[in-house]
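Peer 1: Sharing a model that was predicted from the sequence below.
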Protein chains: 2
Amino acid sequence: MHINKRVGEQTVMLMHEPRIIATTSIVGPKEGQGPLKDYFDVILQDDTNGKDSYEKAESSIMYDAIIQTIQKANLKEDEINYLFAGDLLNQLSSSSFAAREINIPFVGLYGACSTMAESLSIASLIMDGGFADYVIASTSSHFSSAERQFRFPLEFGSQRSLTSQWTVTGAGAMLLGKEGNFPRVTYVTTGMVRDYGIKDANNMGAAMAPAAVDTLYKHFKDTGRDPDYYDIIATGDLGKVGRELTQKLLLEYGYDISKVYIDCGERIFNNEEQNTCSGGSGCGCSAVVSCGYIYKNMLKGKFKRVFLVSTGALMSTTSSLQGESIPGIAHGVAIEF
Amino acid sequence: MHINKRVGEQTVMLMHEPRIIATTSIVGPKEGQGPLKDYFDVILQDDTNGKDSYEKAESSIMYDAIIQTIQKANLKEDEINYLFAGDLLNQLSSSSFAAREINIPFVGLYGACSTMAESLSIASLIMDGGFADYVIASTSSHFSSAERQFRFPLEFGSQRSLTSQWTVTGAGAMLLGKEGNFPRVTYVTTGMVRDYGIKDANNMGAAMAPAAVDTLYKHFKDTGRDPDYYDIIATGDLGKVGRELTQKLLLEYGYDISKVYIDCGERIFNNEEQNTCSGGSGCGCSAVVSCGYIYKNMLKGKFKRVFLVSTGALMSTTSSLQGESIPGIAHGVAIEF
């Protein structure tokens, strides 16, 4: 009864290729001193964004990213059919409270730091299925709200391990439409949960690498594409440790991605100078890198074919306290222009 | 470029009407003593399900519900294209750890107690868009994991207010397919966040009622249907307090739903005898009532037209401590047979 749009095991080909017609990236002061600073739309001078808590600050930058994206496209809230959003905070409070201020039907998603690709995946499928004219995909994270929820109070001043990552303060939003000369979403590869038994919450790159490898491998297999088809393959936030592992493990599956591969977490900071150890992390990491650096370079013609693979570590503080290892997931979206 | 399937502002008509070909409902001992006990597939004798924590117990019953649903349809894991699941626990740990044991591409969703209708909505759209042959929508909650995460340690023995609700221990899973003589999903109405300023986390029925009213009103307006079109309209878990408010508020919009209206939370327990105050709540509440009582009565021909409106309260403990009110959301799915 349907046109079959499935390609291989985990991939869907988008027949109508939804367009990413506008994006916004907002980052904190530290991210604004990093190597990608010229690509962000807004660099906050104050990481509280004038709010009285870090959680409210995070929610407010997601709100700002969404509203500015709608404005860039000269649209109004009531023309957007769905908002797909998520974040790292318990009960998605950043997204839920941002959505409270916006009159758009809201679907909350959780994929930890994979949320940019997860929300973009679902947004793209909903567009491609003909259910919407315009949709928003958005996510955020904040160093200080994440640190105190997942790790230690900031005041404690805990020492950071070399494999640890620095949660990005940032929010990204993408607006999808049906038409126009914009980057197009062509394939969506949805990941399975992978857990190789890593229990160290200060080494999330290693915990997430098997999921990234799995989704990359499935994408190549499902589509028949080689890594070199892409101008850039960007994983979410594996950091230096996870990026190296992913590259090595994929070689064992016969794919050499080294020529086109970057990790958003490794690139967003000057890790040595900025003391960010293995790199950036958080939902906001691949969000601002894809909404900023990647999207803007696509518009300039520098990148024509991009595969974005945001990666998430699905543990909670409770699961870690109960001795569980860290399940990882990675979702992939091919964007072409 | 697309067939326009949108109906009014927030509703989509499903051209291919995905079928709900199997469901499973698993509940705890207390739910198994309630008035709907004959409709549940599994009633646990031990609410830990043999696990060493309530969180692991919750995850295990979601896993069991998913696996049993796949088995009922004589399918295998690798024939299911997507698992859409979510729960109340921080970072969706119940769903993430269930998904770890299952080789199905996984999309985590968070809508608090609205998650059954949220996951069924996205599952239905993905099916209708032609992206999948089979998908699963699932959710769970557990009294003891929710109580200690959101409220007090169980050992504290806190007194319950009369407007409070009792989190259901239960998991539900629905399997959607393309064909066959099964209940069909016909319309999906996706809710917006509504917050009328209620701050009392022991009165979630009142906090969620405005969202339920909004989604019900939009559904009637978008589809042109009257409440009496349906044999049953079931809200998620508003309890007695929220059910009465919803009924009254909708009258002000010109819709009298009283003849066909039940609330899953109010019906799952004998609230006076079982000391559950205003009724049941939790993602598992509308999940087991819809997978059990509603679905089985549809198969028997007792209900032909059902509108399921699961409702969620989107606060976190942090947002409540920071003085925020409780945002609500409600998602609606029309099921007909």
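Peer 2: Structure's in. What do you need? What you are looking at is a predicted structure, and each value in this text was computed from that prediction instead of being measured.

Peer 1: quick one: the residue in chain A positioned nearest to chain B from residue B:41, how far?
Peer 2: Residue nearest to chain B within chain A: residue A:129 (2.5 Å; C-beta to the nearest C-beta). All C-beta spots, glycine's among them, are computed from the backbone N, C-alpha and C. Going from residue A:129 to residue B:41 by C-beta to C-beta, to the nearest Å gives 31 Å.

Peer 1: who has more neighbours, those two?
Peer 2: Comparing residue A:129 with residue B:41 by other C-beta atoms under 10 Å in any protein chain shown, the one with more neighbours is residue A:129, at 27 against 20.

Peer 1: which ones are touching the more buried one?
Peer 2: Neighbour list for residue A:129: B:2, B:5, B:125, B:126, B:128, B:129, B:130, B:131 [criterion: C-beta atoms under 8 Å, 6 or more residues apart in numbering or on different chains].

Peer 1: closest to residue B:82 among those residues?
Peer 2: residue B:126 (6.1 Å; C-beta to C-beta).

Peer 1: Just give the closest residue to that closest one, not the sequence neighbours.
Peer 2: Distances taken as C-beta to C-beta, 6 or more residues apart in numbering or on different chains place residue B:132 nearest to residue B:126, at 5.4 Å, with adjacent residues excluded.

Peer 1: How about residue A:184?
Peer 2: residue A:17 is the one closest to residue A:184 (C-beta to C-beta, 6+ apart), at 3.9 Å.

Peer 1: okay but the one you found is in contact with residue A:188, surely?
Peer 2: No - if you go by C-beta atoms under 8 Å, residue A:17 and residue A:188 don't touch, sitting 11.2 Å apart.

Peer 1: neighbour-wise, which of the two wins?
Peer 2: Neighbour totals were compared for residue A:17 and residue A:188, and residue A:188 leads with 27 against 19 (other C-beta under 10 Å).

Peer 1: Next, the contact list for that one, please.
Peer 2: Residues in contact with residue A:188 (C-beta under 8 Å, 6+ apart) are A:11, A:12, A:14, A:121, A:124, A:125, A:331, A:332, A:333, A:334.

Peer 1: do that again at 6 Å, thanks
Peer 2: Residue A:188 makes contact with A:12, A:121, A:124, A:333 under the criterion C-beta atoms under 6 Å, 6 or more residues apart in numbering or on different chains.

Peer 1: tell me how far the strand or helix carrying it is from the chain's mean position?
Peer 2: Using DSSP states H and E, residue A:188 sits in strand A:184-189. Put simply, strand A:184-189 sits 15 Å off its chain's centre (C-alpha atoms, centre = their mean, to the nearest Å).

Peer 1: just the CA coordinates of that strand, formatted as PDB?
Peer 2: C-alpha atoms of strand A:184-189 as PDB (Å, rounded to 0.1, in the frame of the first residue of the first chain):
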ATOM      1  CA  ARG A 184      18.400  18.900   1.600                       C
ATOM      2  CA  VAL A 185      18.000  16.000   4.000                       C
ATOM      3  CA  THR A 186      18.400  12.900   1.800                       C
ATOM      4  CA  TYR A 187      18.900   9.900   4.100                       C
ATOM      5  CA  VAL A 188      18.100   9.100   7.700                       C
ATOM      6  CA  THR A 189      19.800   6.200   9.500                       C
END
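
Peer 1: what about the helix or strand where residue A:329 lies, average pLDDT?
Peer 2: Residue A:329 is part of strand A:328-336, with elements assigned from DSSP H and E. Mean pLDDT, strand A:328-336: 98.

Peer 1: outside of that strand, which residues touch it?
Peer 2: A:114, A:117-118, A:120-121, A:183-191, A:193-194, A:207-208, A:211-212, A:215, A:219, A:305-313.

Peer 1: Now do it and strand A:184-189, the angle between them.
Peer 2: Taking axes from the mean of the first three to the mean of the last three C-alpha atoms, to 10 degrees, one finds strand A:328-336 and strand A:184-189 inclined to each other by 150 degrees.

Peer 1: Identify each buried residue in strand A:328-336, please.
Peer 2: A:328, A:329, A:330, A:331, A:332, A:333, A:334, A:335, A:336 (16 or more other C-beta atoms under 10 Å in any protein chain shown).

Peer 1: Tell me the helices and strands packed up against the helix or strand residue A:311 falls within.
Peer 2: Element membership for residue A:311 (DSSP H and E) is strand A:305-313. Contacts defined by 3 or more C-beta pairs under 6 Å, 6 or more residues apart in numbering or on different chains; DSSP states H and E place strand A:305-313 against helix A:115-128, helix A:204-223, strand A:232-235, strand A:328-336.

Peer 1: mean confidence for whatever helix or strand comes next after it?
Peer 2: Heading C-terminal from strand A:305-313, the first helix or strand you meet, by DSSP H and E, is helix A:317-321. For helix A:317-321, mean pLDDT rounds to 94.

Peer 1: What residues sit buried inside helix A:317-321?
Peer 2: Result for helix A:317-321 [16+ other C-beta under 10 Å]: buried residues A:318, A:319, A:320.

Peer 1: Kindly format the C-alpha coordinates of that helix as CSV.
Peer 2: Extracted in CSV, the C-alpha atoms of helix A:317-321 (Å, rounded to 0.1, in the frame of the first residue of the first chain):
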residue,chain,number,x,y,z
THR,A,317,23.0,9.1,37.7
THR,A,318,20.8,6.4,39.2
SER,A,319,21.8,3.8,36.6
SER,A,320,25.5,4.6,37.2
LEU,A,321,25.0,4.4,41.0
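
Peer 1: Name the residues that touch that helix?
Peer 2: A:201, B:55, B:93.

Peer 1: Walking through chain A, point out its helices one by one.
Peer 2: A:54-72, A:93-100, A:115-128, A:143-150, A:204-223, A:239-252, A:264-268, A:283-288, A:295-299, A:317-321 (DSSP state H).

Peer 1: now the strand holding residue A:188: mean pLDDT?
Peer 2: 98.

Peer 1: Equivalent analysis for stretch A:99-115, please.
Peer 2: Mean predicted confidence for stretch A:99-115 is 97.

Peer 1: how about it: buried residues?
Peer 2: So stretch A:99-115, judged by 16+ other C-beta under 10 Å, has buried residues A:99-100, A:102-115.

Peer 1: Out of these, the closest to residue A:226 would be?
Peer 2: Using C-beta to C-beta, the buried residues of stretch A:99-115 come closest to residue A:226 at residue A:114, 23.7 Å.

Peer 1: just checking, the closest one touches residue A:309?
Peer 2: No - checked against C-beta atoms under 6 Å, the pair residue A:114 and residue A:309 is beyond contact range at 8.4 Å.

Peer 1: about what we covered before: okay, the helices and strands packed on strand A:305-313 in a markdown table with distance to residue A:178 next?
Peer 2: A markdown table is the format used below for these (distance: least, C-beta to C-beta, whole Å):
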| stretch | distance to residue A:178 |
| --- | --- |
| helix A:115-128 | 7 |
| helix A:204-223 | 23 |
| strand A:232-235 | 25 |
| strand A:328-336 | 16 |
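
Peer 1: So for residue A:273, which of these sits nearest?
Peer 2: helix A:204-223 (19.6 Å).

Peer 1: can that closest one be found next to chain B?
Peer 2: No - under the criterion of C-beta under 6 Å from any C-beta of the partner chain, chain B is not reached by helix A:204-223; the shortest gap measures 9.0 Å.

Peer 1: same thing with stretch A:62-70?
Peer 2: No - Stretch A:62-70 stays clear of chain B (C-beta under 6 Å from any C-beta), getting no nearer than 11.9 Å.

Peer 1: hang on, the earlier thing: what lies in contact with the strand holding residue A:311?
Peer 2: Contacts of strand A:305-313 (C-beta under 6 Å, 6+ apart): A:111-114, A:116-117, A:204, A:207-208, A:212, A:215, A:230-236, A:238, A:286, A:290, A:294, A:326, A:328-336.
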